[in-house]
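Novice: Take this sequence and fold it.
(5 chains)
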Amino acid sequence: MARRSRRWRHDRAAVRRTGTTGHAPGTVNVDPHAPQPVITLISYGPDQFHEQPLRSLDELPALLDKAPVTWLNIDGLGNAAVIQQLGRLFHLHPLALEDVVNTHQRAKCDDYGDILFCVARMVQGPPLVTEQISFFVGPRGLVTFQEDIAGDSLEQVRERLRQNRGRIRQAGPDYLLYELLDAVIENYFPVLESYGEVLDELDREAPYQQIGRKLHDIHRLRSDLLYLRRVIWPHRDALQSLLRGGHRQVSAETLLYLRDCYDHVAQLIDILEIYRENCTDLRDFFYSKLSNRTNEIMRMLTIISTLFLPMTFIAGVYGMNFDWMPELRWTLGYPLSLLLMAAVGMGFIVFFWRRGWLRNSEPAPVEEPAREPNDNNHTP
Amino acid sequence: MARRSRRWRHDRAAVRRTGTTGHAPGTVNVDPHAPQPVITLISYGPDQFHEQPLRSLDELPALLDKAPVTWLNIDGLGNAAVIQQLGRLFHLHPLALEDVVNTHQRAKCDDYGDILFCVARMVQGPPLVTEQISFFVGPRGLVTFQEDIAGDSLEQVRERLRQNRGRIRQAGPDYLLYELLDAVIENYFPVLESYGEVLDELDREAPYQQIGRKLHDIHRLRSDLLYLRRVIWPHRDALQSLLRGGHRQVSAETLLYLRDCYDHVAQLIDILEIYRENCTDLRDFFYSKLSNRTNEIMRMLTIISTLFLPMTFIAGVYGMNFDWMPELRWTLGYPLSLLLMAAVGMGFIVFFWRRGWLRNSEPAPVEEPAREPNDNNHTP
Amino acid sequence: MARRSRRWRHDRAAVRRTGTTGHAPGTVNVDPHAPQPVITLISYGPDQFHEQPLRSLDELPALLDKAPVTWLNIDGLGNAAVIQQLGRLFHLHPLALEDVVNTHQRAKCDDYGDILFCVARMVQGPPLVTEQISFFVGPRGLVTFQEDIAGDSLEQVRERLRQNRGRIRQAGPDYLLYELLDAVIENYFPVLESYGEVLDELDREAPYQQIGRKLHDIHRLRSDLLYLRRVIWPHRDALQSLLRGGHRQVSAETLLYLRDCYDHVAQLIDILEIYRENCTDLRDFFYSKLSNRTNEIMRMLTIISTLFLPMTFIAGVYGMNFDWMPELRWTLGYPLSLLLMAAVGMGFIVFFWRRGWLRNSEPAPVEEPAREPNDNNHTP
Amino acid sequence: MARRSRRWRHDRAAVRRTGTTGHAPGTVNVDPHAPQPVITLISYGPDQFHEQPLRSLDELPALLDKAPVTWLNIDGLGNAAVIQQLGRLFHLHPLALEDVVNTHQRAKCDDYGDILFCVARMVQGPPLVTEQISFFVGPRGLVTFQEDIAGDSLEQVRERLRQNRGRIRQAGPDYLLYELLDAVIENYFPVLESYGEVLDELDREAPYQQIGRKLHDIHRLRSDLLYLRRVIWPHRDALQSLLRGGHRQVSAETLLYLRDCYDHVAQLIDILEIYRENCTDLRDFFYSKLSNRTNEIMRMLTIISTLFLPMTFIAGVYGMNFDWMPELRWTLGYPLSLLLMAAVGMGFIVFFWRRGWLRNSEPAPVEEPAREPNDNNHTP
Amino acid sequence: MARRSRRWRHDRAAVRRTGTTGHAPGTVNVDPHAPQPVITLISYGPDQFHEQPLRSLDELPALLDKAPVTWLNIDGLGNAAVIQQLGRLFHLHPLALEDVVNTHQRAKCDDYGDILFCVARMVQGPPLVTEQISFFVGPRGLVTFQEDIAGDSLEQVRERLRQNRGRIRQAGPDYLLYELLDAVIENYFPVLESYGEVLDELDREAPYQQIGRKLHDIHRLRSDLLYLRRVIWPHRDALQSLLRGGHRQVSAETLLYLRDCYDHVAQLIDILEIYRENCTDLRDFFYSKLSNRTNEIMRMLTIISTLFLPMTFIAGVYGMNFDWMPELRWTLGYPLSLLLMAAVGMGFIVFFWRRGWLRNSEPAPVEEPAREPNDNNHTP
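Specialist: So this is what the prediction gives:
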């Protein structure tokens, strides 16, 4: 139940943003339970790299503009003053700031002239947990807001910055945006892999007793996949708008990379669609197994009942207490009556045999592994 | 039944507009049961704010043009004369006025040159109740018509106007249109939240006895969600036409805000689609539980019948009254016959056990909460 | 069956147009069973109105051009000569004339330069009956062809012409086209309303016995709705092509009105889609009720069988005729055996009770009206 | 099985084109089982008409250019040399020639500059049989290739040419292309009509025994309709590309006619979609009847079992052989025991009656024809 | 299980690319289990053809530019150094090289200025096995990378090159790209043909016992078809972008051929869709057969039970041991009781006969082959 309720809390929370109903648009209303912000400043260029935590925003102005690119990362959205101060400092649009603290946005990219604003969603699980991340891209740097202080999917990017791997230190903030977006997208793959394994497990041969359980798991799996699909789809639109948009902040070279990121999202969607349809097929297949089993049980019941009901009837007849029942006096009455019962039973058995009811309906779902040997001469 | 019939009345009412069939297009034909109009005038500017109810429209001309923006709100559509008088005063197109009183329009935005005409639909519930609201946006003011005199979702906007919160008093009638539309849209979220809670409740583990009930509730829920979807979708098209339309009345700055409102509608549609699919999945899951239960009952019936029918047959045989039945004379006949019955019964039990029919098919749907501990190390 | 077969005759007739296979394109081949044409001429202007039936087309030329707008209406397509004569007189394209007599066209608007040709479909019912109407719009008048001589949905337009209500007498033939199209579209609403009432009736609580009947009715209803949807959809495309087309015959002012007509078609399609989906949901809900009922019957059967089969077995045992059966000699044998049976029966009852099989599965679908009171404080 | 296997052979044949795998693109590889070509030359103008079979292609050059329009028809694709010779003579593109002999193309129109190449598919049945026809339209004539020598759907066009009916002899090869395409499309209507009749037959009231049969027929029907839909859809795209394409070979006047042909394809698709959905609805309806019947049978079984099992149990009790069973000695023991049984039976009957199990679940599906009389006052 | 697990391994592998998470974009990270590359160089022109395996890349520069077109094929992606060396030599973009070694790309065509980069997927089976192939097209040659060293679908193209068949040696690298893509696409047809045969086999009449098996096979088949569809669809988009893109490397003449290739993909998708829908229909049909069979079994059980339960009851009554049971003393008591039982049995038989329960529900699914004779006069 735990995983479930967690996800649902998410969904309902997505609706509860309406708790903010009544505030003027463009107002920053923080969730009182949100963690206090932890601020980290990374500034770098081809030849330099500084990384330092900030205790307060007052230190910030002195630290800016020392390196070609500045990346300011804020973990935790629990302090409205900090966010508004940043908004004033970097000229961030109030509507965008409102979207930052309303952590249930769909992924999107909005162009506010000098500033490009993007929202994406990081994912972890199963159990499925998501976290919103917002990006403000300006000409000389990037500001990111994360919903939560706990670990993120961006550590690999930081590592590449520290060790000057790839072209990241040579490029501008738009390339950093790409690297971060790509890291967010890449992190969906291990999550999907886990679901693929669950699906794989569900697709294995299993005795009838586990079908109820499996249907239960498929139900949960479908719910999660549905939620994931709804989370991923907007990323596709957001990236497409980035690719088409001719935004001032994004260079032509970075577009090539973003196209690659877009391909990854398309691949994610493909896999998700396959998983969804596999789920549906699997569920329908299990239904057919249930129907089949009902059939087999019915067959068994009918055979047994039909065999013994007539025989019991004959026994009942000769258990009647009429004074005049000549058969009862015959010496061979007893064996003859037994013969009669046997004959009736045999008659029904022949009848059933001819209808094919005595043959088992599913002879050999187990024989399949036998195909394995002649599988070897196919190379993947 | 009440909620239901109310909603259906709505739908059918939507069709009953044809009661107006036969009137010339552009005619204002009020519903005789509609409430009499209550007129409120709000006029404001950066430094001023007036709010006053109007007893009659004759007071109106003297009050206009005193402040930069004038908002005239009419609650209740029961007086054709008032509506036509307003139409003449503000040069509203007859077709638009006809749409105002035909309170079953789809949301839309039509451009009549100097006047921009929009229709939206406010929602409350569950039980689901909707109300049409129409907007006429001119260069110096806004006229809104509401179907009903009871409370609306716009009080928060009035409050912001009164207290001069946000930029609303600084901006023109197009921004007021945005604030009102956004208030209407925002109000869908608590309604959806209620449905989310219903869905959440339905998704909880429940004994078999409640499945019939739950299927009944899902049926109702699906009906409501379907209706909501059909209500919300046209808002998306209407906002899109606003965003693309290059209307004379809408400033570039307001377009930024309307884009935000459009995002909210997209989010609503996303949530609705998830809920609809969750409903479907849940229904299919309950079906599978019903099938599973039929299976379990059949299994029980078959086991009991199959055990006792053959044993009863043997008892029947030795209850026959033949004169010559040697077993009846044996001293050990009785215990041997009991042994025979027991042997037959055991035989069937072994047969069933080997087929796996004696094991319970759904062992542990209750064990799931056990997953909770290892859930804690995931942060949302 | 009657309604059904009528509709099907329609559909098949739609296919039987191929009876005309073999004729050159653009040939007017009348159905020999079609009624003979009844011709009515209406000519009007702001200050004049003439309405007269025509005995023969020879009277026509003398009557034309006397008023600003002339509307010639032909009811019944049974006379090829008349249609061809009109075609020559007004320069109607042979392909359009072929479409007029092939009364199974989809709604459409084709531009033939000076002449605008539209096809629509009038509807009545249930039982569902449809009739094709074709419009030729020229600079000075309108020619309409109706499939049948019986009443049409256009009487209200004639009435408005006669009484000079609205702007119809002031406007040109394009506005008349709009009024006629709108009258045709408006007439779908009462038809849909009837289906809405059928759906409402079907959605009421009902005992199990009526489910079979209801499923039958839903099947018929779905067929009709499907047919209606296929009839209405092309009207949407036709109106859209009118709105976008920049046709010479349609003035800008009339476009505003046609946009309104287009909204009505969109509304019709919305309602139809809701009805279709409601039908599907309702059918699935009734299926679930059937499944549920099967479950309940099975439960009952299993309980009764399982109670009495073991008890009957015990009675059978003590009905055996073995010489040596010591229990039969005991004084308390009989009451003890009854106790044994009762104990076995109680054991099964306890077993069932613990499984929850003795509780009724659908306790209170009737309690719902109890929600009504707290419904009153919501205003529609 | 015959019809089925024939259709499947078609489908699989459509795949077996891969038998040509390994040949260079643009190569003409004839099927060795294809019939030898039969060549017919028709040349015509407003005042002339010649029709003659050709023994060999050598006669051809002398016969060309004698009349304004030349139509060369080749039935049977069994001779690669003939096809290649024609390709050289008329400058047909090798890729197009490859498509001619690969008789499993989708309908399409490709523009090769001077030559317009179209592919369509003629249909006959049921049993469903299709044949590919390819068109090469040049400035002075038309070359058509048909897969098979047996009769085609084009005889009516030849007849119109011979008798100079309509405008066909006045027009160019593009109009001939239209007439031939239209003849091909028109021929789908009687095929659909046959399927409509099958559907009509399936929709008639029928006893339960025929449901299995009907489900079988629906399964076949759906397969055929699915195949037909896949065949027809590409014709729509092909005609659309003709209408939009601005091809050199197609005059503006002919475009008007092709638009008409396009409407016919749209109508075909509409009918097919209705039939497909009718099939689905019908199948679901029959499922519900099967479920309903299972319910009725279960009800019957439960009633009978529940009535007689307890009564048999009581009889069993008084058939026990205990020495001390006082009731057996009472004079009224026998009638009292019979009364007890009757009371138990009556008790269950009252119980069932109250649950509504004794009433029949489907009372009057037969009453429906009674609606016929009040049907007469509706005119179609 | 083998086939299954293999395919799933594929899918999951597609997800496992995330094992590369953490590497900088554009890095070539080879799978350690990938085979070592086997390099083949083919260079040709209208009059020349050279084919030689390369031991190391050092030989390469000396061999380039000797013939108009050079095709370098690399089988096996196990050596990052080789791939990077080729990248430097031919100026291949790092992102494209990353896609080459990440062998789970969707088919696509990306334009990198001088170089056109395409990805396709070769298929073999069933059991379904796929292999990625990447193409780099430059002005003077083509470089292809294949995932695996085992045989490919391109041998026919090499053969045509060797034997100078068709126009391949006369054309440039863009035509070679077309020939290779076409060979890849063509190879899907025999794979689909195999699935068509499986489907054909499944659609044959079969006794009830095999339905469970068949449902199992349909489940597997649907999974494979779903996977294939997802693999093929991107090829369509890739070819469309090639056709529309105006790429520098692709000549107008080659576009004609690529259009043909695109038609083949459209045909593949058509066939796949038909197969998928056939699968669904077949599965639903088998479900209906299962339901039907449950019905028949229930009917049988009910008839037998209902016949014998009342008769057994009567026998039980006359087996009671009451002292006063006058019938037992009658001489005709025994035959009369037998008559009574027979009468009750006959009564039920008449009751069932009237309800139509004694007639078989599926009389003649076998009669169908009888249609074959009148099938002969239809030619395919």
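
Novice: ranges for the strands of chain A?
Specialist: A:38-45, A:48-54, A:69-75, A:108-112, A:115-124, A:129-137, A:141-146 (DSSP state E).

Novice: among those, which is nearest E:Asp281?
Specialist: strand A:115-124 (37.3 Å; C-beta to C-beta). The C-beta positions use only the backbone N, C-alpha and C, and glycine is treated the same way.

Novice: Can you pull the poorly scored residue ranges out of the stretch 51-200 of chain A?
Specialist: A:151 (pLDDT under 70).

Novice: Pick out the residue of it closest to chain D.
Specialist: A:Leu199 (28.5 Å; C-beta to the nearest C-beta).

Novice: Pull the number of nearby residues for that residue.
Specialist: 21 (other C-beta atoms under 10 Å in any protein chain shown).

Novice: wouldn't it be in contact with A:Asn278 here?
Specialist: Yes - judged on C-beta atoms under 8 Å, A:Leu199 makes contact with A:Asn278 at a distance of 5.9 Å.

Novice: interface residues of the stretch 201-350 of chain A facing chain C?
Specialist: A:Gly319 (C-beta under 8 Å from any C-beta of the partner chain).

Novice: Tell me the confidence at A:Leu309?
Specialist: pLDDT, A:Leu309: 87.

Novice: Might you report the residue contacts of it?
Specialist: By C-beta atoms under 8 Å, 6 or more residues apart in numbering or on different chains, the contact set of A:Leu309 is B:309, E:304-305, E:308-309, E:312.

Novice: what do you get for A:Pro32?
Specialist: With C-beta under 8 Å, 6+ apart, A:Pro32 has these contacts: A:Gly78.

Novice: Next, work out how far apart it and chain D are.
Specialist: Computed with C-beta to the nearest C-beta, to the nearest Å, the distance linking A:Pro32 and chain D is 52 Å.

Novice: From A:Leu177, how far out is A:Pro68?
Specialist: Separation of A:Pro68 from A:Leu177 (C-beta to C-beta, to the nearest Å): 15 Å.

Novice: Neighbour count: the two, which is higher?
Specialist: When A:Pro68 and A:Leu177 are compared for neighbours, A:Leu177 comes out ahead with 25 against 18, by other C-beta under 10 Å.

Novice: I'd guessed the more buried one sits against A:Ala120; true?
Specialist: No - assessed by C-beta under 8 Å, A:Leu177 is found out of contact with A:Ala120, at 10.1 Å.

Novice: what sits in contact with each of the two?
Specialist: A:Phe135.

Novice: what about stretch A:224-233, distance to the chain center?
Specialist: 6 Å (C-alpha atoms, centre = their mean, to the nearest Å).

Novice: what is the rounded mean pLDDT of that stretch?
Specialist: 89.

Novice: And chain B, is it touching that?
Specialist: Yes - using C-beta under 8 Å from any C-beta, stretch A:224-233 comes into contact with chain B via A:226-227, A:230.

Novice: Keep those residues, but drop any that are not near chain D.
Specialist: Counting by C-beta under 8 Å from any C-beta, no member of the residues of stretch A:224-233 next to chain B is near chain D.

Novice: quick check, nearest of those to chain C?
Specialist: For these, the nearest to chain C is A:Leu226 (18.9 Å; C-beta to the nearest C-beta).

Novice: residues touching the nearest residue to A:Ala315 once chain neighbours are set aside, list them.
Specialist: Distances taken as C-beta to C-beta, 6 or more residues apart in numbering or on different chains place B:Gly316 nearest to A:Ala315, at 3.4 Å, with adjacent residues excluded. Contacts here follow C-beta under 8 Å, 6+ apart; on that basis B:Gly316 touches A:312, A:315-316, A:319, C:316.

Novice: May I see those residues organised as CSV, with pLDDT added?
Specialist: Compiled in CSV, the contacts of B:Gly316 are given as follows (pLDDT from 0 to 100):
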residue, pLDDT
A:Thr312, 88
A:Ala315, 88
A:Gly316, 88
A:Gly319, 87
C:Gly316, 88
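
Novice: Take those and keep only those in helices.
Specialist: The helices, defined by DSSP state H, take in A:312, A:315-316, C:316 from the contacts of B:Gly316.

Novice: Tell me the one among those residues nearest to chain E.
Specialist: After measuring the ones in helices among the contacts of B:Gly316 against chain E - C-beta to the nearest C-beta - the closest member comes out as A:Gly316, at 3.4 Å.

Novice: and the gap between that closest one and B:Tyr318?
Specialist: Distance from A:Gly316 to B:Tyr318, by C-beta to C-beta: 12 Å.

Novice: Export stretch A:145-165 to CSV, keeping only CA atoms.
Specialist: Provided in CSV are the C-alpha atoms of stretch A:145-165 (Å, rounded to 0.1, in the frame of the first residue of the first chain):
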residue,chain,number,x,y,z
PHE,A,145,15.7,25.3,-8.4
GLN,A,146,15.1,21.8,-7.1
GLU,A,147,12.1,20.8,-5.0
ASP,A,148,14.1,18.8,-2.6
ILE,A,149,17.5,18.9,-0.8
ALA,A,150,18.1,15.1,-1.2
GLY,A,151,20.4,13.8,-3.9
ASP,A,152,19.7,14.6,-7.6
SER,A,153,20.5,13.1,-11.0
LEU,A,154,23.0,15.9,-11.7
GLU,A,155,26.1,14.7,-9.8
GLN,A,156,27.6,13.2,-13.0
VAL,A,157,27.4,16.6,-14.7
ARG,A,158,29.2,18.2,-11.7
GLU,A,159,31.8,15.5,-11.9
ARG,A,160,32.4,16.3,-15.5
LEU,A,161,32.7,20.0,-14.7
ARG,A,162,35.2,19.3,-11.9
GLN,A,163,37.4,17.0,-14.0
ASN,A,164,37.0,19.0,-17.2
ARG,A,165,35.8,16.0,-19.2
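
Novice: Report the buried residues of that stretch.
Specialist: A:145-150, A:152-154, A:156-158, A:160-161 (16 or more other C-beta atoms under 10 Å in any protein chain shown).

Novice: which ones among these are found in helices?
Specialist: A:156-158, A:160-161.

Novice: from those, which is closest to B:Ala34?
Specialist: For these, the nearest to B:Ala34 is A:Val157 (61.4 Å; C-beta to C-beta).

Novice: okay but A:Ile304 is in contact with B:Thr306, surely?
Specialist: Yes - contact criterion C-beta under 8 Å: A:Ile304 and B:Thr306 qualify, at 4.6 Å.

Novice: Up against chain D, what does the stretch 201-350 of chain A have?
Specialist: Counting by C-beta under 8 Å from any C-beta, the stretch 201-350 of chain A comes close to chain D at A:Gly319.

Novice: pLDDT below threshold where in the stretch 201-350 of chain A?
Specialist: In the stretch 201-350 of chain A (pLDDT under 70), the answer is A:206-209.

Novice: And the residue of it closest to chain C?
Specialist: A:Gly319 (6.9 Å).
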